[in-house]
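> Got a sequence here, can you build the structure:
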Amino acid sequence: MSEFEGDGLSNEDFEKSLKRFEDMISTGAQYFFDADELEEIIDYYMQWFNLELAKKALDFALEQYPYSSSIKIKLAQYLSSQHKTREALDLLNEIEEVESTNSELYMTRGYIYSQTGLSEQAIENYKKAKEKNLDIKVITISTKKGEENIVPSWKYTKEKQFDDFINTNDPFTISRYSTLYDIQTTPQLYVLDENKVIRSKGIEAKQLDEVIDYIMKEEADKITKTAGNK
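Here you go, the predicted model:
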């Protein structure tokens, strides 16, 4: 199952977990799986539209972890793929009452609303997801040479309260940022994801909110793409 890609188990570990699960289903044996393993198995079956095994994995996961919000959210995604929109939304509302900080909840609900034509509600939920789990890291690179130029740069970052920024100095381009990211002139504003893939470049600061909103919606579409393709 080398096609599987994810941030959790390695391909080899995932293949072993998947085989154990399918062996359990075919033989009726009982094996232990941790919640993360089951979530990835569910994602796999949903991704490849094997909804029969996805439902079996969901049922087993909920038996083992009946209070897991993450697994319940995946059940809502499954229900949406079966066009059981009302059931999916009701379940998400129940989850929100006990765990209102889960960004995947809002991304899933936003996607469901977008599929039913309720764009305002969809945008509202995407924004909530962004507020709950948007982890932004800002890296600044100063290209100035000499202490007489570098020191004022550090003072400026302090005055502007850029303490959360990763402020660096690379006057001789040792990091090769200009080559790696095709930066011919500075200043430049780039948006990269957690895998260092450029998602947007050459934008103005005032465009950041719009760009990030678009990326968040794109990620939400990936999470529940089964619902849209079914």
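
> Tally up the residues packed near residue 189, please.
Close neighbours of residue 189, defined as other C-beta atoms under 10 Å, add up to 14. Placement of C-beta: from N, CA and C, glycine included.

> meant to ask about residue 182, not that
12.

> From residue 198, how far off is it?
Distance, residue 182 to residue 198, using C-beta to C-beta, to the nearest Å: 9 Å.

> give the contact list for residue 109.
Neighbouring residues of residue 109 by C-beta atoms under 8 Å, 6 or more residues apart in numbering: 76, 89, 92, 125.

> do the same with residue 86
By C-beta under 8 Å, 6+ apart, the contact set of residue 86 is empty.

> so it is in which element?
Secondary-structure element containing residue 86, defined by DSSP states H and E: helix 85-98.

> Any buried residues in that helix, and which?
Under the neighbour-count criterion of 16 or more other C-beta atoms under 10 Å, helix 85-98 has 85, 88, 89, 91, 92, 95, 96 buried.

> Stretch 98-108 too?
Buried residues in stretch 98-108 (16+ other C-beta under 10 Å): 102, 103, 104, 105, 106, 107, 108.

> cool, and stretch 121-132?
Going by neighbour count (16+ other C-beta under 10 Å), the buried part of stretch 121-132 is 121, 122, 125, 126, 127, 128, 129, 130.

> Which single one of those is nearest to residue 81?
Distance to residue 81, by C-beta to C-beta, is smallest for residue 122 among those, at 17.2 Å.

> In this structure that closest one contacts residue 111, no?
Yes: taking contacts as C-beta atoms under 8 Å, residue 122 lies within contact range of residue 111: 7.3 Å.

> burial count for residue 83?
The number of residues packed near residue 83 is 12, by other C-beta under 10 Å.

> And residue 27, by the same measure?
Going by other C-beta under 10 Å, the residues that sit close to residue 27 add up to 9.

> Might you report the residue contacts of it?
Residues near residue 27 by C-beta under 8 Å, 6+ apart: none.

> Distance-wise, check it relative to residue 20.
Residue 27 is 11 Å from residue 20, where distance means C-beta to C-beta.
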